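[1] Any chance you could fold what I've pasted below:
(one chain, ligands or ions: 1)
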Amino acid sequence: MLTLLPMLATAQSDNLWLNFKTMQEPYVFYLTSKNPTFDVIKKEILSVVPNFYTAKKMEQASFVVLDNSQNSAIQGDGFMINADEKNVKIEAKTSAGALYGVYEFLRRRKNGETVIKNFVSNPAFQIRILNHWDNPDGSVERGYAGKSIWFQDGKINFRSDIETYARANASVGINATVIDNVNADPKILSSQMLQGVKTVADRLRPYNIKVYLAVNFSSPAALGGLKTSDPLDKDVIDWWTKKVKEIYTLIPNFGGFLVKANSEGLPGPMDFGRTHADGANMLAKALKPYGGIVMWRAFVYNPQGGDRAKQAYDEFMPLDGKFDDNVIIQIKNGPVDFQPREPFSPLFGAMKNTQIMAELQITQEYLGYSDHLCYLATMWKEFLDYPTYHNGKTVKETTLNQKLTAFSAVANTGNMKNWCGYVMAQSNWYAFGRLAWNPDLTSQQIAKEWINLTLTNDEDAVKKISSIMLRSREAVVDYMTPLGLHHLMGWSDHWGPEPWCAIPGAREDWMPRYYHKAAADGLGFNRSSTGSNAVEQYQEPLKSMFNDPKLCPKEFVLWFHHLPWDYTFDNGNTLWDELVYHYDKGVKEVEAFQNVWATLKGKVSDPVFNEVTEKLKVQLDEAQWWRDGCLLYFQTFSKMDIPFKTKYTFEECKAKLRTKSYIERQKD
Ligand code: GCV
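    Next up, the predicted model:
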């Protein structure tokens, strides 16, 4: 009995947030439809209601789930719930809606709510999609939770418990998944591989999850043996048309393609003197008869193109209005690359005649891997709610006001038992799904739900854990890249600090010095009108605000300005004082998290308590490493004092980079 509790608890966090509460009330069921989605509904309900009977007629039932509702408040795959201890009615217009309603009901029951009156919920974005950066060989680009959940040795071989993935997604409304890396292997479209993809699609279909594929633009040549992959070439068009037909014959509900083109060395239409629109529209035309779409990425930059932060805008704005109606441009939240904090990409709001969608990153490529507790809902809310000043819209509104709407994020899953490499990292997968369904939810609400479902219902513990989660992203920004600094991380593996990085002959725009511009005269990238003028890409009043260091929000000041070390802020602190203060504050926050966490022994399961305790130790050590490495390096230019003793010397900071991260060591 003594060992039973921890074992049970381990199983719980491996089960993600799907730990619904057993209901002792006897219910008489009536389910309107018979189909694979309703089979899932039945299974979910029966797993938590041991005392059940089935009714022949709806009038006799106390637990009704219907997908033929006439209620006009329900839209798309939305639903309505009415429930008390004795009666439950979940209505929707589609089976998927009914499934989502059931999960909402189970979640609320688990979190202690019994009476629910006329609760209507409709999805905000139509497509709520995960992007897996999984490679056919089984590796995962930027994955920190083991190997691929989909592939092994060049073939599809998905996790045997893939149902947990499907349930987890459906429970938060995620309805789409791109199973392969955007750095796409042409092999993904081979007939043999497609047979495997079909088995994935078949398994996910009952959960209303559509499969999409990331494709390599040069597939016609690389896989099909054609002489070219020019999007205007007739044979190339025929090749894609036939390939799309083959896919839909196998997978009738196939979603479409995600394309990374002419980016980081990948092929694209520009190799043939064509535009992104030529490339995207050619694929879109092949998919159109089947209802498929193209998600075309705007993540483009090259070393000759000037300020990297400006390039996506410069390349895509001239194409505004030139894309077909089943194309949607997928734009990373910031103009550079998933940094701990970036201003929003200026394409949001600016592209007025093109459908656009946001791409977020759940996997913590630049945020301490799955070793640092960093709850991302706060970062995503900051992004979604930022005013673009284009027609008075926030970023979120710019992506919702169009025929086709979508919201995507790079997944953090792997084949580790707990899926994400860290129980706390599971919260970000959960939060992404919840925000894709309803971007108006608050970070607090989502944190509370997730803690209740995954860790504990103890009120005091929920408060404490939630306060750690809500402060965690700012702490990471502070100890890694405060005040608008960015891209200071280790070369290639993106782990640890390496602002000093200097690889002979390497691309300048892959080197931290390109971004921080530390020198005797100061720090930061001048993107104001006296510099690269990236501010020009923002709508007034943002443009003027970002352009003036006195008006620029402090959190972006070194993103837009190169300031002298003794530059004085309104509070009287110099730039150096502020830098030291923020770096150290980040470290102090992690110490505070440790202190709070230490009080939770017995309030969460032992395995969870131990896992978080252990990871916080790693996080503190790495936060100190970031603080010390960055401050000691910047000090070589500022020549100013660090008012405390660092934990590491500069030499030790550099040497540590050549060791392995904690999560990598776990894999050995
Ligand atoms: C999938 C960054 C990452 C790459 C990633 C790329 C992208 O550069 O480091 O691993 O490639 O973004 O989003 O395409």
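[2] near the ligand, which residues of this protein?
    133, 141, 142, 181, 182, 183, 260, 264, 299, 337 (CB under 6 Å from any ligand atom). Bear in mind the C-beta positions are built from the backbone N, C-alpha and C, glycine included.
[3] show me the contacts for the fifth one.
    When the contact criterion is CB atoms under 8 Å, 6 or more residues apart in numbering, the partners of residue 182 are 131, 133, 214, 258, 259, 260, 297.
[4] so which two of those residues are the farthest from each other?
    133 and 259 (14.2 Å; CB to CB).
[5] neighbour count winner among the two?
    The neighbour comparison of residue 133 against residue 259 (other CB atoms under 10 Å) goes to residue 259, with 27 against 21.
[6] Tell me the spacing between the closest residue to the ligand within the stretch 501-650 of the chain and residue 490.
    Across the stretch 501-650 of the chain, the shortest distance to the ligand (CB to the nearest ligand atom) belongs to residue 510, at 8.7 Å. Noted for residue 510: a distance of 12 Å to residue 490, by CB to CB, to the nearest Å.
[7] do the same with residue 216
    Applying CB to CB to residue 216 and residue 490 gives a distance of 28 Å.
[8] between the two, which one's more packed in?
    Taking neighbours as other CB under 10 Å, residue 216 and residue 490 compare with residue 216 leading, 26 against 18.
[9] My guess is that one contacts residue 180. True?
    No - assessed by CB atoms under 8 Å, residue 216 is found out of contact with residue 180, at 9.8 Å.
[10] how far is stretch 318-327 from where the chain is centred?
    25 Å (CA atoms, centre = their mean, to the nearest Å).
[11] what does it rub up against?
    256, 275-277, 280-281, 284-285, 287-288, 292-294, 296, 329, 350-355, 403-404.
[12] hmm, which of those residues are the buried ones?
    The neighbour count (16 or more other CB atoms under 10 Å) marks 256, 275-277, 280-281, 284-285, 287-288, 292-294, 296, 329, 350-351, 354-355, 404 as buried among those.
[13] pLDDT averaged over stretch 33-40, what's the number?
    For stretch 33-40, mean pLDDT is 96.
[14] Residues contacting that stretch, please?
    Contacts of stretch 33-40 (CB under 8 Å, 6+ apart): 31-32, 65-68, 95-96, 98-99, 167, 170, 205-208.
[15] Among those residues, the buried ones, what's the ChimeraX command?
    To isolate the buried ones among the contacts of stretch 33-40 in ChimeraX, judged by 16+ other CB under 10 Å, type:
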select :31,32,65,66,67,95,96,98,99,167,170,205,206,207,208
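[16] So which residues of the stretch 151-300 of the chain form strands?
    Listed in chain order, the strands of the stretch 151-300 of the chain (DSSP state E, counting those that start in this stretch) span 151-152, 155-156, 176-178, 210-215, 256-259, 293-297.
[17] Let's have the ones you listed in JSON lines, adding mean pLDDT.
    Below are these laid out as JSON lines (pLDDT from 0 to 100):
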{"stretch": "strand 151-152", "mean pLDDT": "98"}
{"stretch": "strand 155-156", "mean pLDDT": "98"}
{"stretch": "strand 176-178", "mean pLDDT": "99"}
{"stretch": "strand 210-215", "mean pLDDT": "99"}
{"stretch": "strand 256-259", "mean pLDDT": "99"}
{"stretch": "strand 293-297", "mean pLDDT": "99"}
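[18] I'd like these as CSV, with distance to residue 188 appended.
    Listed next are the strands of the stretch 151-300 of the chain as CSV, based on distance: least, CB to CB, whole Å:
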stretch, distance to residue 188
strand 151-152, 9
strand 155-156, 10
strand 176-178, 10
strand 210-215, 6
strand 256-259, 10
strand 293-297, 15
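[19] Nearest to residue 113, out of the ones you listed?
    strand 176-178 (28.7 Å).
[20] now stretch 582-591: how far from the chain's centre is it?
    25 Å.
[21] Give me the average confidence score over it.
    On average, stretch 582-591 scores 99.
[22] can you give me the helices for the stretch 401-550 of the chain?
    423-437, 443-454, 459-480, 512-516, 542-547 (DSSP state H, counting those that start in this stretch).
[23] what helices or strands is the third one leaning on?
    The elements that helix 459-480 packs onto, with contact taken as 3 or more CB pairs under 8 Å, 6 or more residues apart in numbering; DSSP states H and E, are helix 377-384, helix 443-454, helix 575-598, helix 606-638.
[24] wait, which of those helices is closest to residue 434?
    Comparing the helices and strands packed on helix 459-480 by CB to CB, helix 443-454 comes nearest, at 4.9 Å.
[25] Mind giving me the packing neighbours of the closest one?
    helix 95-110, helix 377-384, helix 423-437, helix 459-480.
[26] can you pull the contacts of the closest residue to the ligand within the stretch 401-550 of the chain?
    When scored by CB to the nearest ligand atom, the stretch 401-550 of the chain has residue 494 as its residue closest to the ligand, at 6.3 Å. Contacts for residue 494 were tallied using CB under 8 Å, 6+ apart; they are 142, 365, 366.
[27] Now do the same contact list for residue 193.
    By CB under 8 Å, 6+ apart, the neighbours of residue 193 are 136, 155, 156, 187.
[28] State the distance from the nearest residue to residue 240 once chain neighbours are set aside to residue 14.
    With sequence-adjacent residues excluded and distances taken as CB to CB, 6 or more residues apart in numbering, residue 240 is closest to residue 286, at 4.5 Å. Separation of residue 286 from residue 14 (CB to CB): 41 Å.
[29] now residue 528
    50 Å.
[30] and those two? which has more neighbours close in?
    Legend: neighbour count by other CB under 10 Å for residue 528 and residue 14, higher for residue 528 (20 against 17).
[31] Which residue, other than its chain neighbours, is closest to that one?
    residue 547 (4.9 Å).
[32] How many residues are close by the one you found?
    Neighbours around residue 547, by other CB under 10 Å: 21.
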